[in-house]
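From the sequence below, what's the structure:
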Amino acid sequence: MFVAPPETARLPEPCRPEPQVLAAALQTLSGWLDWPRAAARATPWVQAVRDTPAPFWAMESLLREYPISSAEGLALMRLAEALLRVPDAETAIALTADQLGKASFEAHAGEGPHRMLASLSASAIAMSKRFLPDAEHDAGLLRRLGAQTVVAATVRAIQLLGRQFVLGRHIGEAMAEADAQRRTQGALRFSYDMLGEGARTEADAQRYLVAYAKAIARIADARRSEGPESSDGISIKLSALFSRYEVAQRERVFAELLPRVWTLVEAAARADMNLTIDAEESDRLELSLDVFEALAARIAASFPAWRGFGLAVQAYQTRSLAVVDEVARIARAHDLRFMVRLVKGAYWDGEVKRAQELGLAGYPVFTHKHHTDISYLACARALLSHAEVIYPQFATHNAGTIAAILQMAEGSDAGFEMQRLHGMGEGVYREVMADASVPVRIYAPVGEHRDLLAYLVRRLLENGANSSFVHQLADPQVDVEALLASPLVPAAAPGVPMPGALYGTRKNSTGADLAVPAQREPLLAAVAATRLEPVPEAAPVAIDAAMQRLQAAFPRWSARPVAERATVLRRAADALDARLPEFCGLLVKEAHKTLADCVAEVREAVDFLRYYAEQAEQRLAVQALPGPTGEHNELRLHGRGVFVCISPWNFPLAIFAGQVAAALVAGNTVAAKPAEQTPVVAQRMVALLHEAGVPADALALLHGPGETVGAALVADARCAGVCFTGSTAVARLINRALAAKDGPIVPLIAETGGINAMIVDSTALPEQVVDAVVTSAFRSAGQRCSALRLLLVHEGVAEAVIEMIRGAMAELAVGDPARLATDVGPVIDAEAFAGLRAHVERLRREARLIGETPVSSTADRLIAPVAFELKSVVELKQEIFGPVLHVVRWRGDIEAVVAQVNALGYGLTLGVQTRIDGRALRIAQAARIGNVYVNRNMIGAVVGVQPFGGEGLSGTGPKAGGPHYLYRFCAEQTLTVNTAAAGGNVELLAGLSH
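Numbers count the residues shown, from 1 in each chain. Sure thing, here's the model as predicted:
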C-alpha cells in the first residue's frame, strides 16, 4: 500500500553552527516584532498571575513551594514518577523513605499565597517521615504499620496530583472533564493524547492503535451530536504505533507503520476532525517528514477538502525554520492546508547527550534557552506568513511569547490558536482568554496515572527547570522586568561544551550520525570497497628475530621524552580519526560488526590514543619528593622492556590499539599478537602507528594461533610483561606460564569475561529496563566482555518485563552486518557458533523459553537472540559469549541477590535498575564488581569516563582507560642525591640571615 520513496535530504544538516542558525531566525523577525511593546502587553498578565495564583496543586504553585532545583521538589517528582507502579509494599515503603528522606520539609513554613496549605502539607510530610524506616531492614510492627499508612497516603496524594496533569483515565472520562472545563472556563478546544511511553513491542503498538481508534470514534460521535462547532481533535505519536520507528528500519516503517497511521487519518478525515502527528527526536525528523508527505499525498487523493491534518514542530531544533518551510512546500504541492503545532520541545537533555555520546560536530538543538525562544518567534512569524496553506497553533506557557505572537498577527486575517498543556499555564491563559478573540486549545494527556505519570513527570521536570518561564513566573525573587526581558540577544558562546570539547584539553573522537545520509554514505561506500588481504603467520624464527629487534630497540625508545612519545600517539589518533570509513569497512568485513558498532569501536581506539598520551604526560613525568636538608629526592617511571600485548577478536581495533598505545607511551617496545580471526585490522593499525612515528623496531605484529605464537611470546625470556584480554581459561594458562619461567617476575594485566548480571527491582520503569536489556544482551551479537548474561528481575514486575522483552526481541533484525537495518550480525567463527548452538539446545531441554528472534537471513553463523528463564542463579555456571539471555526471578532481600552474584566469582559489570537511590548505592558497595551501571545499559564504557575492568575471575586490573592503567606498564626508580656532600646545602645557606 505504501512504498518507501528514495531517501533524500529535505533539510540542512542537523548540527549547523548555532550563530549561523540564529542569524537566519533574527532576519526572519526583522521588522515584524517590537519586543518592548510585547513585554508591556504581557506585564499585567504576569502581575495578575502573581496576585491571584493558581490553586495549590497546580504546577505553578507547586514550583513556587517546592522548586525542582530543591531536594523537596525533586523528591516529590521522583515519587510521582515511580510510586504508582510499585506492586509490593516493601519496595513502596523503601522508595518513599528513600525519597522523602533526602529532603527537609520542616523548612517550608508557607511563605507564599498558599501558606496555610503549604505549611500543613509540609508538616504532614515531615510527620510522616517519622514513621518511615531509616533503612530497608528497619523492622518493627508499629513502624511497619505506620510506614504502610504513610505510603497509602502518599499514593493517594500522587493520584490527586495526577489529576492535575492527566485529563482522564480513558477517553470518555477525559471528554467529560473537558466539557466541565468548558462550562467554567469558556470556549476551550482540546487535543487528546492517549500516550505514555513509546511502543517497545508489536503488542504495545497494537494497543496504542486501538486506543487511538476508539478515541477518534468517540470524538467523531461527539462532533456529530454537537455539530461543526465542536473542534476537539487527537494527537498521535508515530513511535507509539511502531516499535522500530527509526531511519535504519525505513522499509519497515513504510510497509508496517504507514497503513496503521492511514486507518487513523482516514477515520479522522471522514469525521472532519483534526489529527496532529506529534514531534519525535531529531534523528527521526527527516523520516517523519517523509511519512507526513506520504500521508498528505493519500489525503489529497481521498479527502482533498479536509483541513484537519497536521504535525508538531519543535522550535528548539536548529532546523525548525526549515521544517516550517518544508511543511508549507508539501501543502502547496498537494493543494492542502495543514495545522501546525509549534512547540519549544521536551527532549533537550536527551538530544544533547546523544550528540555528545556520538561525538557529533555540534548539537541539533539550541544550547541556550533564549535561543530556542528566538527560534520559536521566528517560526511563529514564518507560520503566519504561510497562512494560505498553514493554520498555526502556538503551544507556549510564556507570557512574553504569547504577547509577541499576538502582536505579529495584528492586521492579519489569518486564523490561529494558542495551546497549553493540561495542568500548566492556567494562570497566564486565564488572563489571555479575557480577550475572547484568542482561541485556546488544551493538549490533554489521557490514560491511567501509573502509565502516564512516568512520562509526564520527565516532561514536567524539563518545563519546570530553573531557566523556564513557568519556574521563574512562580519565583517572586524574579522581577517582572527580568522575566519579560527580550530574548532577541544571541549569546556569544555555546551554553554547553561542544561534543568535541567535552573532555576539556583532550579532544573527543569524531563520530557519525547514521541517521544522516551524508554521514552514513561514506561508511557504506567504504564497506562495499573493502577487500581483505591475508596476513602471514609468524614462524618461530620470525618470533625470535622480532623479540631480538624489540629488545635492542627498547633503550632508544624508552629514552625518548614522554612528551615525544605522547605526540606520536596524538598523531596516530588524528590519522585514525580521519580514516573512520576505512577502518569501519575493515571491521564490518573481518569482525562482522554492524556499522554502529564499527563507528563506536574506531572512536574508542582514537580515545585510547589521546587519553594515554594525556595520562603519560601527567603521570609519568619525574616527581619531586620531600626529604631532609641537603638531599634531593625524585621518583622516575620508565618502561620495563618488551611488552607482549595479546588482544581479542571482539574488539580487534579498540582493545588492540589501547593495549599497544599504553605500552608504547610508557616507554616499552611491543610485540603485538592479534586474535587469529582479525589480523587485518591489527596489521592496518600497526601500519598507521608506524606512519605516525613509532619506529619499526619498537612495534612488531606477530600473527598466529595462541597455542603457538602467543605461547612462544609469553615464554620468551625477553618478555618483560603481558597485557591480555580474552577468556579466563587462557588468562590462567598465561599466568602459569609466566610463573614457571626462570628470571624476573613480570607483570600480567588480564581483562577477562564475566557472568554479568542486571538486578531489576519493582520501582524500575519497564520500558527503560527493556531498552537496557536488549542493548546490553544482544548488541554486537552478545560478543562483548561486558554483555548482560543474567537478568535478575523482581517477581512483582517479572511477568510484565519478561513479556516486553519477548516482544522487543521479536522486532530485532538478524542478518548481514553490512546492512544498516541489521541489529545482530553473525558470531565470529564456526567454533563459537557450534558452542552457542549446543548451549541453546541444552537450555531448550532444561529451561523455559522466553523468546527468540526470528531469522529470515541465510547468512552463515547466525545465532538468533534468545532468552530462557532459569530457576536459580546457580544454574548458570559459566560465561556464555553470545546473544543468549538467562532470566531469574527474585524476591525478598536484595542484598541476598547481590551475594548470589558475588558468589559466581566473576566481577566485570553489573546493571542496577531502581528508583531507590540509597538501594543503588548499597548494591554498588556490596558488589565485588568492576563496573556498576545504574538505570542505563551495561555496555559501551567510554575511555576516561568509565574505566573498564573487573576483579575475581574477570581480571587483574588496573582498569583500561583509567588513571591507574599506565603504572602497570612501568618500572619505578627513586633517585636520591646528597646535595650536601660537596660542601653544604647552598640553598639553605643562602636563606640564612645574620
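
all contacts plus neighbour counts: C-alpha atoms, from now on.
OK.

quick one: average pLDDT of the helix or strand containing Pro445?
Pro445 belongs to strand 440-445 when elements are defined using DSSP states H and E. Average pLDDT, strand 440-445: 93.

Also stretch 280-296?
97.

With stretch 714-728 instead?
Stretch 714-728 shows a mean pLDDT of 97.

Which secondary structure elements does the strand or helix carrying Ala682 sit against?
Here Ala682, judged by DSSP H and E, is contained in helix 679-692. Using 3 or more C-alpha pairs under 8 Å, 6 or more residues apart in numbering; DSSP states H and E, the elements in contact with helix 679-692 are helix 562-578, helix 580-591, strand 699-701.

could these go into JSON lines alongside distance to Ser856?
Formatted as JSON lines, those follow (distance: least, C-alpha to C-alpha, whole Å):
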{"stretch": "helix 562-578", "distance to Ser856": "36"}
{"stretch": "helix 580-591", "distance to Ser856": "20"}
{"stretch": "strand 699-701", "distance to Ser856": "39"}
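
Just put these in JSON lines and tack on mean neighbour count, distance to Cys379 and mean pLDDT.
Output for these, formatted as JSON lines (neighbours: other C-alpha atoms under 10 Å; distance: least, C-alpha to C-alpha, whole Å; pLDDT from 0 to 100):
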{"stretch": "helix 562-578", "mean neighbour count": "21", "distance to Cys379": "37", "mean pLDDT": "98"}
{"stretch": "helix 580-591", "mean neighbour count": "24", "distance to Cys379": "37", "mean pLDDT": "98"}
{"stretch": "strand 699-701", "mean neighbour count": "23", "distance to Cys379": "58", "mean pLDDT": "98"}
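
Of the ones you listed, which is nearest Pro766?
helix 580-591 (32.8 Å; C-alpha to C-alpha).

I'd like the next helix or strand past the closest one.
Taking DSSP H and E, what comes next after helix 580-591 is helix 595-619.

Report the rounded mean pLDDT for the helix or strand just after that next one.
As assigned by DSSP H and E, the chain's next helix or strand after helix 595-619 is strand 623-625. What strand 623-625 shows for mean pLDDT is 95.

elements contacting strand 623-625?
strand 631-639.

give the contact list for Ser780.
Contact analysis of Ser780 by C-alpha atoms under 8 Å, 6 or more residues apart in numbering lists Lys593, Thr594, Asp597, Val824, Gly825.

Going by neighbour count, which residues in the stretch of helix or strand Thr775 belongs to are buried?
In this assignment (DSSP H and E), Thr775 forms part of helix 766-778. Buried residues in helix 766-778, counted by 16 or more other C-alpha atoms under 10 Å: Pro766, Glu767, Val769, Val770, Asp771, Ala772, Val773, Val774, Thr775, Ser776, Ala777, Phe778.

Repeat that for stretch 707-725.
709-710, 713-715, 718-725.

CA atoms only for that stretch, dumped as PDB, please.
The C-alpha trace of stretch 707-725 is given here as PDB (Å, rounded to 0.1, in the frame of the first residue of the first chain):
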ATOM      1  CA  GLU A 707      48.900 -22.000  21.200                       C
ATOM      2  CA  THR A 708      52.000 -21.400  19.200                       C
ATOM      3  CA  VAL A 709      52.600 -17.700  18.600                       C
ATOM      4  CA  GLY A 710      51.000 -16.500  21.800                       C
ATOM      5  CA  ALA A 711      52.600 -19.200  23.900                       C
ATOM      6  CA  ALA A 712      56.100 -18.500  22.400                       C
ATOM      7  CA  LEU A 713      55.800 -14.800  23.100                       C
ATOM      8  CA  VAL A 714      54.800 -15.300  26.700                       C
ATOM      9  CA  ALA A 715      57.500 -17.900  27.300                       C
ATOM     10  CA  ASP A 716      60.200 -15.800  25.700                       C
ATOM     11  CA  ALA A 717      62.900 -14.800  28.200                       C
ATOM     12  CA  ARG A 718      62.800 -11.300  26.800                       C
ATOM     13  CA  CYS A 719      59.100 -10.800  27.600                       C
ATOM     14  CA  ALA A 720      59.000  -8.100  30.300                       C
ATOM     15  CA  GLY A 721      55.200  -8.000  30.800                       C
ATOM     16  CA  VAL A 722      52.000  -9.300  29.300                       C
ATOM     17  CA  CYS A 723      48.800  -7.400  28.600                       C
ATOM     18  CA  PHE A 724      46.000  -9.900  27.700                       C
ATOM     19  CA  THR A 725      42.300  -9.600  27.000                       C
END
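
which other residues reach that stretch?
By C-alpha under 8 Å, 6+ apart, the surrounding residues in contact with stretch 707-725 are 538-540, 543, 547-548, 551, 640-648, 655, 659, 671, 673, 702-704, 731, 734, 737-738, 741, 743, 746-752, 969.

of the residues you listed, buried ones?
If we count by 16+ other C-alpha under 10 Å, those have these buried: 538, 543, 547, 551, 640-648, 655, 659, 671, 673, 702-704, 731, 734, 738, 747-752, 969.

Just the ones in strands from those, please.
If you go by DSSP state E, the buried ones among the contacts of stretch 707-725 have Val642, Phe643, Val644, Cys645, Ile646, Ala671, Lys673, Leu748, Ile749, Ala750, Glu751 in strands.

Pick the one among these closest to Ile93.
Glu751 (40.0 Å).

Now the helix or strand encompassing Leu74: average pLDDT?
Taking DSSP H and E as the definition, Leu74 sits inside helix 71-82. Helix 71-82 shows a mean pLDDT of 79 in the predicted model.

returning to what we had before: can you list the strands that the strand holding Pro445 pairs with?
Here strand 440-445 has these sheet partners by DSSP bridges: strand 188-193 (parallel), strand 417-421 (parallel).

what does it rub up against?
With C-alpha under 8 Å, 6+ apart, strand 440-445 has contacts from 165-168, 187-195, 417-422, 433, 452.

go with 6 Å
166-167, 188-194, 417-422 (C-alpha atoms under 6 Å, 6 or more residues apart in numbering).

Pick the one among those closest to Lys877.
Met194 (45.1 Å).

is it true that that closest one touches Val446?
Yes: when contacts are counted by C-alpha atoms under 6 Å, Met194 is listed as touching Val446 (4.7 Å).

among the strands paired with strand 440-445, which is the most enclosed?
With neighbours taken as mean count of other C-alpha atoms under 10 Å, those reach their highest mean count in strand 188-193, at a mean of 23.

any idea of the mean pLDDT in that one?
Here strand 188-193 scores 93 as its mean pLDDT.

Can you check what pLDDT the model gives the closest residue to Val977 other than its chain neighbours?
Leaving aside its sequence neighbours, Val977 sits nearest to His632 (C-alpha to C-alpha, 6 or more residues apart in numbering; 5.1 Å). For His632, the model assigns a pLDDT of 93.

cool, and Ala355?
97.

Give me the buried positions along the one helix or strand it maps to.
Element membership of Ala355 [criterion: DSSP H and E] is helix 348-358. By 16+ other C-alpha under 10 Å, the buried positions in helix 348-358 come out as Trp348, Glu351, Val352, Arg354, Ala355, Gln356, Glu357, Leu358.

export these to a markdown table and tack on distance to Val898?
A markdown table is the format used below for those (distance: C-alpha to C-alpha, whole Å):
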| residue | distance to Val898 |
| --- | --- |
| Trp348 | 35 |
| Glu351 | 34 |
| Val352 | 34 |
| Arg354 | 31 |
| Ala355 | 35 |
| Gln356 | 33 |
| Glu357 | 30 |
| Leu358 | 33 |
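
Just name the closest of those to Leu295, please.
Glu351 (27.0 Å).

count of neighbours near Gly345?
20 (other C-alpha atoms under 10 Å).

actually Ala71, not the one I typed
Ala71: 17 neighbours (other C-alpha under 10 Å).

repeat for Arg163
Neighbour number of Arg163 under other C-alpha under 10 Å is 16.

Pull out the buried residues from the helix or strand it falls within.
According to DSSP H and E, Arg163 maps onto helix 141-165. For helix 141-165, the neighbour count (16+ other C-alpha under 10 Å) marks 144, 146-151, 154-155, 158-159, 161-165 as buried.

Kindly report the same for stretch 293-303.
Glu293, Ala294, Leu295, Ala296, Ala297, Arg298, Ile299, Ala300, Phe303.

Give me the nearest residue to the last one, chain neighbours excluded.
To tie it back to what came earlier, the one meant is Phe303. Ala269 (6.8 Å).
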